[in-house]
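Engineer: Sequence and predicted structure, then a few things I'm wondering about:
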Amino acid sequence: MDHNPDRIAVWPGYFNAKVSRRSGRRVPRDSSVLRPDLEGLFIAARALGLRKIKRDERISHPQRPHGKEGRLWVSKRGALESIGASSKEEILQLIGGQWRKMQKEQRDTEKEAAVRGPQTGDRRARAQRKGSNKAKAAQARAQRAQKQRRRR
């Protein structure tokens with residue numbers, strides 16, 4: 001590809017929370033995410049307001065040739081117009097912050113759904129719930145039986 005000074009390459013590996021700065025993370029821990037992927041990066045960039053984005057899938061980072069993580073090409077001029085970020089570091093931190101917020105909201109909704117329990121008509125989930133209650137009841141009976149044996 002020809003060199004274009006207006007484009008910035010953004011790799012998902014820049015946002016990996018389990019990687020140190022020395023190993024390739026480019027954003028602070030509070031802007032990093034667990035298990036970054038190209039699709040999540042693209043969605044976070046769109047949610048942030050970036051419009052001039054191009055995806056390259058199945059491309060590996062030069063320092064990580066074993067993983068075909070892909071990359072995004074972001075227009076510097078488009079980023080300056082849409083979100084007001086002029087440098088690559090600003091763009092990365094803004095994307096990372098948005099991505100982390102989205103990931104946290106998703107975890108929260110999953111927790112709420114688990115607490116709420118199965119929906120009406122969801123027979124499989126109901127059966128699993130009943131089975132786990134049966135297991136808890138059997139365990140409680142076994143503990144009571146042990147206590148009674150100790151008393152004798």
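Structural biologist: Structure's in. What do you need?
Engineer: Spell out which residues make up each domain of the protein.
Structural biologist: Per automatic domain parsing, the domain ranges recorded for the chain read 7-116, 123-152.
Engineer: Show the pLDDT at His66.
Structural biologist: His66 is assigned 92 on the pLDDT scale.
Engineer: secondary structure class for it?
Structural biologist: When classified by DSSP: H, G, I helix; E, B strand; the rest coil, His66 comes out as coil.
Engineer: Identify the residue spatially nearest to it, adjacent ones excluded.
Structural biologist: Ser60 (7.2 Å; CB to CB, 6 or more residues apart in numbering). For the C-beta atoms, the positions are set from N, CA and C on the backbone; glycine is no exception.
Engineer: For that neighbour, give me its contacts.
Structural biologist: The contact partners of Ser60, taken as CB atoms under 8 Å, 6 or more residues apart in numbering, are 66-69.
Engineer: just to revisit the earlier point, lowest average confidence across the domains of the chain, which one?
Structural biologist: Across those, domain 123-152 has the smallest mean pLDDT, namely a mean of 74.
Engineer: Count the residues that sit near Arg141.
Structural biologist: Arg141: 10 surrounding residues under other CB atoms under 10 Å.
Engineer: what do you get for the one 3 residues further on?
Structural biologist: Residue crowding around Arg144 was assessed by other CB under 10 Å; the count is 10.
Engineer: helix or strand for it, which one?
Structural biologist: Using DSSP states H and E, Arg144 sits in helix 123-151.
Engineer: could you show me where the strands are in the chain, in order?
Structural biologist: Along the chain, the segments classed as strands by DSSP state E run 7-10, 53-56, 71-75.
Engineer: winner for burial among the ones you listed?
Structural biologist: With neighbours defined as mean count of other CB atoms under 10 Å, those peak in mean count at strand 71-75, which reaches a mean of 20.
Engineer: ok, and what's touching that strand?
Structural biologist: With CB under 8 Å, 6+ apart, strand 71-75 has contacts from 6-12, 38, 41-42, 45, 50, 52-56, 59, 61, 91.
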